[in-house]
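1. with the input below, show me the fold.
(one chain, ligands or ions: 3)
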Amino acid sequence: MAQKVQGVVAGVAGAKVTVETITVPDPGPGEALVAVQACGVCHTDLHYREGGISDEFPFLLGHEAAGVVEAVGDGVTDLAPGDFVVLNWRAVCGTCRACRRGEPWYCFDTHNAAQPMTLADGTPLSPALGIGAFAEKTLVHSGQCTKVDPRAGAEVAGLLGCGVMAGIGAAINTGQVGRGDSVAVLGCGGVGDAAIVGAKLAGATTIIAVDVDTRKLEWAQSMGATHVVNARTGDAVESIRELTGGNGADVVIDAVGIPETFRQAFYARDLAGTAVLVGVPTPDLTVELPLIDVFARGGAVKSSWYGDCLPSRDFPMLIDLYLQGRLDLSSFVTETIGLDDVEEAFDKMHDGSVLRSVVVL
Ligand SMILES: NC(=O)c1ccc[n+]([C@@H]2O[C@H](COP(=O)([O-])OP(=O)(O)OC[C@H]3O[C@@H](n4cnc5c(N)ncnc54)[C@H](O)[C@@H]3O)[C@@H](O)[C@H]2O)c1
Ligand SMILES: [Zn+2]
Ligand SMILES: [Zn+2]
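-> Numbering: from 1, shown residues only. Ligands and ions are numbered 1, 2, ... in the order given. Model (predicted):
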């Protein structure tokens, strides 16, 4: 029978979110019902609330989550009630042209639940990134559930569901950071710090953190940055060049997603270096670059959706590294909060006082 639970809804663009009673259907074919245990507050939730991602209001926010499978629908054979899972927004289809050519991390036809969750009056909700996990329970496609070692707590495991995976993946998958590389990361929130952690895991020896907030730079240093640059008091591009023998970094990761930082990422690369855009721009933003510079500087400018991750490959691997003490996921969790506190968590994200607020249910 469909269940009524509490969930955080963004009803109108720019308005404060509210906790509403929502209806979650029983899982149909290929679907899974998940009891959410923890869900991190990601900047993308705020982008949704502002109408910066789409205008399909109302949204059920939350997409960085872990929990326990409560029920599965017909035809689901690789998942069972009781499984501890991280929810992902890349349930690969296996048959699109990206999947067929062996690059499923670019899957162009990812799966989501077919049935909508609804408000009490029957209005269908758009779940953020096809997840909607600021809710006691959520309905997803079974492929969106990635089983990981249950010894990892939900607060940390859930982080892999979006921001931390996006950041680590921007470094190791998209940027292909290698041993001895120099890396600069612009914007040191949850995503940028994860890129720093990813660069360190991959063996980068110079890791330059750039932010406009000194507290964020201190955190970045504790995560593994070897140098910090305050972009409000210094020139980010010049500083990165100075710290890399005058050349620029091998890989520069823009974890903000505005023209200013994108341009810095483009110019702070060494010749033939790689710029990675993992911050999500709003649709109104444009960037203009001299075409000769695009040509003459060589290298690559890449965007990184979800860190080009393959959840089935990357989530269990990163959880294993965490359990072995080689990946400190817990330092990303600044505070744990309740469903009622999401709006306040957005304010804290704005004033820079948190890396991740994690809703615990
Ligand atoms: N590509 C993906 O798959 C993916 C996944 C998750 C999040 N994101 C995006 O990544 C971005 C970062 O997310 P987050 O959760 O870390 O956000 P956040 O708000 O926690 O962090 C942003 C950081 O950027 C800093 N910053 C702002 N302006 C700056 C500037 N001009 N120069 C340098 N630093 C600046 C802020 O001080 C802050 O530390 C967002 O755009 C988010 O939507 C992308
Ligand atoms: Zn596919
Ligand atoms: Zn996110």
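2. now check stretch 52-60, is it near ligand 3?
-> No - residues of stretch 52-60 are not located near ligand 3 by CB under 5 Å from the ion, the shortest gap being 10.3 Å. The way it works is simple: take the backbone N, C-alpha and C, and place the C-beta from them, glycine included.
3. list the residues that contact the residue nearest the centre of the chain.
-> When the chain is reduced to its mean C-alpha position, the closest residue under CA atoms, centre = their mean turns out to be Gly163, at 2.3 Å. Contacts here follow CB atoms under 8 Å, 6 or more residues apart in numbering; on that basis Gly163 touches Gly40, Cys42, His43, Thr44, Glu64, Gly189, Gly190, Val191, Ala194, Arg356.
4. just give me the closest of these to ligand 1.
-> Gly189 (1.9 Å; CB to the nearest ligand atom).
5. next SSE downstream of the helix or strand encompassing Ala272?
-> Under the criterion DSSP states H and E, the helix or strand holding Ala272 is strand 269-277. Under the assignment DSSP H and E, the closest C-terminal helix or strand after strand 269-277 is helix 291-296.
6. and stretch 327-334, how far out from the chain middle?
-> 14 Å (CA atoms, centre = their mean, to the nearest Å).
7. still on that earlier bit, now, the contacts of Gly163 that are in strands?
-> Under the assignment DSSP state E, the contacts of Gly163 contribute Gly40 to strands.
8. so which of the contacts of Gly163 wins on neighbours?
-> For the contacts of Gly163, neighbours were counted using other CB atoms under 10 Å, and Ala194 has the most, 34 neighbours in all.
9. helix, strand or coil for the residue lying closest to that residue once chain neighbours are set aside?
-> Nearest residue to Ala194, sequence neighbours excluded (CB to CB, 6 or more residues apart in numbering): Gly167, at 2.6 Å. Reducing the assignment to helix, strand or coil with DSSP: H, G, I helix; E, B strand; the rest coil, the entry for Gly167 is helix.
10. and the strand holding Ala272, which strands flank it?
-> Sheet pairing of strand 269-277 (DSSP bridges) gives strand 249-254 (parallel), strand 300-303 (parallel).
11. from the chain's centre, how far out does that strand sit?
-> Relative to the chain's own centre, strand 269-277 is displaced by 21 Å; criterion: CA atoms, centre = their mean.
12. now the stretch 51-200 of the chain against ligand 3: closest residue?
-> Nearest to ligand 3 in the stretch 51-200 of the chain, going by CB to the ion, is Cys162, at a distance of 3.2 Å.
13. report pLDDT for that residue.
-> As predicted, Cys162 sits at a pLDDT of 97.
14. next up, the contacts around it.
-> Taking CB under 8 Å, 6+ apart as the contact definition, Cys162 lies against Gly40, Cys42, Thr44, His63, Glu64, Trp89, Leu129, Tyr306.
15. please flag which of the residues you listed sit within helices.
-> The members of the contacts of Cys162 that map onto helices under DSSP state H are Thr44.
16. near ligand 3 too, which of the contacts of Cys162?
-> Restricting these to those adjacent to ligand 3 (criterion: CB under 5 Å from the ion) gives Cys42, Thr44.
17. which one of the contacts of Cys162 sits closest to Leu291?
-> Nearest to Leu291, judged by CB to CB, of the contacts of Cys162 is Tyr306 at 29.5 Å.
18. would you check which pair of the contacts of Cys162 lies furthest apart?
-> Spatial extent of the contacts of Cys162 (CB to CB) is set by the pair Gly40 and Tyr306 at 14.3 Å.
19. what parts of this structure come near ligand 1?
-> 42-44, 47, 162-163, 166, 186-192, 210-213, 216, 231, 255-257, 260-261, 278-280, 304-306, 349, 352 (CB under 6 Å from any ligand atom).
20. ok, back up a step: can you list the buried residues in the strand holding Ala272?
-> When neighbours are counted by 16 or more other CB atoms under 10 Å, the buried residues of strand 269-277 are found to be Arg269, Asp270, Gly273, Thr274, Ala275, Val276, Leu277.
21. between those, which sits nearest ligand 1?
-> The shortest approach to ligand 1 among the buried residues of strand 269-277 belongs to Leu277, at 7.9 Å (CB to the nearest ligand atom).
22. partners of the closest one in the sheet?
-> When bridges are taken as DSSP bridges, the partners of Leu277 come out as Asp254, Ser303.
23. local confidence estimate at it?
-> 98.
24. OK, contacts around it?
-> Under the criterion of CB under 8 Å, 6+ apart, the contact list for Leu277 reads Asp254, Gly257, Phe262, Ala265, Val301, Lys302, Ser303, Ser304.
25. now it: how far from Ala166?
-> Distance, Leu277 to Ala166, by CB to CB, to the nearest Å: 11 Å.
26. now do Val237
-> Counting by CB to CB, the gap from Val237 to Ala166 is 24 Å.
27. Tyr322 sits in which helix or strand?
-> Counting by DSSP H and E, the element that carries Tyr322 is helix 311-323.
28. before we move on, what about His350?
-> Going by DSSP H and E, His350 is part of helix 342-351.
29. that helix and ligand 3 in contact?
-> No - in terms of CB under 5 Å from the ion, no part of helix 342-351 sits within range of ligand 3; the closest distance is 11.7 Å.
30. tell me how far that helix lies from the chain's centre.
-> 17 Å.
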